[in-house]
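Trainee: everything below, folded, please.
(chains A, B, C and D)
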Number of protein chains: 2
Amino acid sequence: MSKPYQKFKFVAAATDVVIFSLRGEALNVLLIKMKKKPYQGKWALPGGMVKISESVEKAARRHLQAKTGVSDIFLEQLYAFGGEKRDPYGRVLSVAYYALLPYDKSLMLKTTAEYADVRWWPVAKLPALAYDHAEILKTGVKRLRSKLGYTNIVYSLLPRQFTLSELQKVYEIILDQEIDKRNFRKKVGSLGLVKTTGKKRRGEANRPAALFEFTSRSLAVVNIL
Amino acid sequence: MSKPYQKFKFVAAATDVVIFSLRGEALNVLLIKMKKKPYQGKWALPGGMVKISESVEKAARRHLQAKTGVSDIFLEQLYAFGGEKRDPYGRVLSVAYYALLPYDKSLMLKTTAEYADVRWWPVAKLPALAYDHAEILKTGVKRLRSKLGYTNIVYSLLPRQFTLSELQKVYEIILDQEIDKRNFRKKVGSLGLVKTTGKKRRGEANRPAALFEFTSRSLAVVNIL
DNA sequence: ATACTTAGTGTAATATATACACATAGTATT
DNA sequence: AATACTATGTGTATATATTACACTAAGTAT
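Mentor: Got it, this is the predicted structure:
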């Protein structure tokens, strides 16, 4: 039987991953510095081609793991970027994903033959980016902000245990707006987002804060803000 | 310069379009009946390959136009379906879109050499579908329901002018739940979603209803429900 | 013992959402 | 001409959710 698709020239499929984490009181994203032309010296999102025998999501996880060493973190499809001129090498469709990393996890960032450098960048102060990665990143930030408001996604950005002030801070940093402490706690409590652990964070030079954990660590629709 | 992507076997890119419209007081979707094996007799979403020189969205519009004759209707990316076994012919990644068609527009549905039949199906009573199209469709219905609640997307399902009862009916049908008439009108009014035209719908065997139109016909975030 | 800093808590005012019933303006029928 | 019929169009009271706002508590550091 003839394979009908082969009468077309193929459009190739790749994936890029926007890896978010809070670092130093700011929303950061992991970028790699490119060694090769035409984007030599420019920074780019981790990513690469999708192999013929793996699903697109699996490819995203593979590239994520290759650059960061982590697996088993929040990963969700962001958008497929399919413009016909987005890659100067050839026709590549990229399915972008975004990943969220708790701020207590540090990474084994490793340079490779292909990449000169890997590091966190605050999304408010980005360097020049390769390809259409500025657009992908912007889409990712928008999605993250939006999902923060109507899901419990925040669990994937915090350590296992955390104080309510820390939780509030995460919202404040990402949404870039102050939140009233009492109203925030009232809301979080009434939604059943968190549960007490009985433990306290000690060793700080002030009143110790109670430690909480999330009642659920899987994505759920919850109107928080 | 060597093209690095060519050392991989390519994953090909296609697109499928979920075309929604209200027909006979139900949410319907346009499906085509397949002539060829291995899905002979099964129904499928309109779609096909992405050409090497066109963007993915343009490919979606092209396939939409080819099956329905319409252009210039609401079209938005739904999700990229990238499972490695979704197409028995070969490795095809499909970027699915969904389109919304006002219920006053009828289509010139045409069969082709490739397809035996084209018709509307109520989403509540679907036939057996080819590929992973049942999953794509389910994702589309979910997205439509969700977006109905927090955007003005409904404008793309109604005629240019409509009565408030008709508008309410659209929500009731798609969300499959009754809405209080007075509260609905209060909300729609206070959000400035619609404006009066001064005209009335005449010729019905009862009190004539005022005709409205949407204040905006481009997608905006508005909490309606 | 005192200063310092972050944690932790309640209430009143306002805004939003919900529940609910009858008069109105036409056409159709006699 | 009168009456029946049917979908349109409208307001108010109650419950719920959101907002604004200030002081005491529990530790560590001096």
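Trainee: the helix or strand encompassing A:Glu76 close to chain B?
Mentor: For A:Glu76, the element it lies in under DSSP states H and E is strand A:74-81. Yes. Under the criterion of C-beta under 8 Å from any C-beta of the partner chain, strand A:74-81 makes contact with chain B via A:77, A:79-80. All C-beta atoms are positioned from the backbone trio N, CA, C, and that covers glycine.
Trainee: who wins on neighbours among those?
Mentor: A:Ala80 (27 neighbours; other C-beta atoms under 10 Å in any protein chain shown).
Trainee: the strand ranked longest in chain A pairs with which strands, and in what direction?
Mentor: Criterion DSSP state E: the longest strand present in chain A is strand A:12-23. In the sheet, strand A:12-23 lines up against strand A:26-34 (antiparallel), strand A:47-49 (antiparallel), strand A:92-101 (parallel) (DSSP bridges).
Trainee: DNA strand D is nearest to which of those strands?
Mentor: For those, the distance to DNA strand D is smallest for strand A:26-34, at 22.2 Å, taking C-beta to the nearest atom of the strand.
Trainee: for the closest one, buried residues please.
Mentor: Neighbour-count burial for strand A:26-34 flags A:27-34 (criterion: 16 or more other C-beta atoms under 10 Å in any protein chain shown).
Trainee: ok, now which ones touch A:Val141?
Mentor: A:Val141 is in contact with A:27, A:123, counting by C-beta atoms under 8 Å, 6 or more residues apart in numbering or on different chains.
Trainee: looks to me like it is in a strand.
Mentor: No. Counting by DSSP: H, G, I helix; E, B strand; the rest coil, A:Val141 is not found in a strand; it is helix.
Trainee: and the residue of chain A that's closest to DNA strand D?
Mentor: Per C-beta to the nearest atom of the strand, A:Arg207 is where chain A lies closest to DNA strand D, at 2.9 Å.
Trainee: what about that residue, which SS state?
Mentor: Put simply, A:Arg207 is coil when judged by three-state DSSP.
Trainee: for it, what are phi and psi?
Mentor: Backbone torsions of A:Arg207, given as degrees, to the nearest 10, read phi -50, psi 130.
Trainee: and it, how far from A:Leu129?
Mentor: The gap separating A:Arg207 from A:Leu129 is 43 Å, by C-beta to C-beta, to the nearest Å.
Trainee: who's more crowded, these two?
Mentor: Ranked by neighbour count (other C-beta under 10 Å), A:Arg207 and A:Leu129 place A:Leu129 first, with 19 against 6.
Trainee: how close does A:Gln161 get to A:Ala205?
Mentor: Separation of A:Gln161 from A:Ala205 (C-beta to C-beta): 20 Å.
Trainee: okay, the two: which has more neighbours?
Mentor: Neighbour comparison, A:Gln161 and A:Ala205: the larger count goes to A:Gln161, with 15 against 4 (by other C-beta under 10 Å).
Trainee: so that one touches A:Phe212, yeah?
Mentor: Yes. The pair A:Gln161 and A:Phe212 qualifies as a contact (C-beta atoms under 8 Å) at a distance of 6.9 Å.
Trainee: any residues in contact with both of these two?
Mentor: With C-beta under 8 Å, 6+ apart as the test, A:Gln161 and A:Phe212 both reach A:Thr197.
Trainee: figure out how far the helix or strand of chain A with the lowest mean pLDDT is from the centre of its chain.
Mentor: Ranking every helix and strand in chain A by mean pLDDT, DSSP states H and E puts strand A:115-122 at the bottom, with a mean of 88. Put simply, strand A:115-122 sits 14 Å off its chain's centre (C-alpha atoms, centre = their mean, to the nearest Å).
Trainee: residues contacting it, please?
Mentor: So strand A:115-122 is in contact with A:21, A:23-24, A:26-35, A:41, A:43, A:46, A:67, A:109-111, A:127, going by C-beta under 8 Å, 6+ apart.
Trainee: and A:Ser106, how far is that from B:Arg217?
Mentor: A:Ser106 is 49 Å from B:Arg217, by C-beta to C-beta.
Trainee: equivalent analysis for A:Gly69, please.
Mentor: A:Gly69 is 49 Å from B:Arg217, by C-beta to C-beta.
Trainee: shaky segments in chain A?
Mentor: A:1-8, A:109-115 (pLDDT under 70).
Trainee: what does chain A have sitting close to DNA strand D?
Mentor: Residues of chain A lying close to DNA strand D (C-beta under 7 Å from any atom of the strand) are A:180-183, A:186-187, A:202-208, A:223.
Trainee: got a markdown table for the residues you listed, with secondary structure and distance to DNA strand C too?
Mentor: Below are the residues of chain A next to DNA strand D laid out as a markdown table (DSSP: H, G, I helix; E, B strand; the rest coil; distance: C-beta to the nearest atom of the strand, whole Å):
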| residue | secondary structure | distance to DNA strand C |
| --- | --- | --- |
| A:Asp180 | coil | 7 |
| A:Lys181 | helix | 5 |
| A:Arg182 | helix | 3 |
| A:Asn183 | helix | 6 |
| A:Lys186 | helix | 7 |
| A:Lys187 | helix | 11 |
| A:Arg202 | coil | 11 |
| A:Gly203 | coil | 12 |
| A:Glu204 | coil | 7 |
| A:Ala205 | coil | 6 |
| A:Asn206 | coil | 3 |
| A:Arg207 | coil | 3 |
| A:Pro208 | coil | 7 |
| A:Asn223 | coil | 11 |
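Trainee: list only those of these flagged as buried.
Mentor: Buried among the residues of chain A next to DNA strand D by 16+ other C-beta under 10 Å: none.
Trainee: which one of the residues you listed is nearest to B:Tyr89?
Mentor: Of all the residues of chain A next to DNA strand D, B:Tyr89 sits closest to A:Asn223, with 43.4 Å by C-beta to C-beta.
Trainee: and the residues of chain A next to DNA strand D, which two are the farthest apart?
Mentor: A:Ala205 and A:Asn223 (36.3 Å).
Trainee: what about the residue nearest to A:Phe74 when sequence neighbours are not counted, how many residues nearby?
Mentor: Sequence neighbours aside, A:Ser156 is the residue nearest to A:Phe74 in space, at 3.6 Å (criterion: C-beta to C-beta, 6 or more residues apart in numbering or on different chains). Neighbourhood size, A:Ser156 [other C-beta under 10 Å]: 20.
Trainee: where's A:Ser156 relative to A:Lys105, distance?
Mentor: To A:Lys105, A:Ser156 is 11 Å away according to C-beta to C-beta.
Trainee: so how many other residues sit close to the spatially closest residue to A:Met108 that is not a sequence neighbour?
Mentor: Residue nearest to A:Met108 in three dimensions, not counting chain neighbours: A:Gly69, with 4.3 Å by C-beta to C-beta, 6+ apart. By other C-beta under 10 Å, the residues close to A:Gly69 number 13.
Trainee: just A:Gly82 next, same as before
Mentor: Using other C-beta under 10 Å, A:Gly82 has 26 other residues around it.
Trainee: swap in A:Arg143?
Mentor: Residues near A:Arg143, counting by other C-beta under 10 Å, number 18.
Trainee: repeat for A:Gly198
Mentor: For A:Gly198, the neighbour count with other C-beta under 10 Å is 7.
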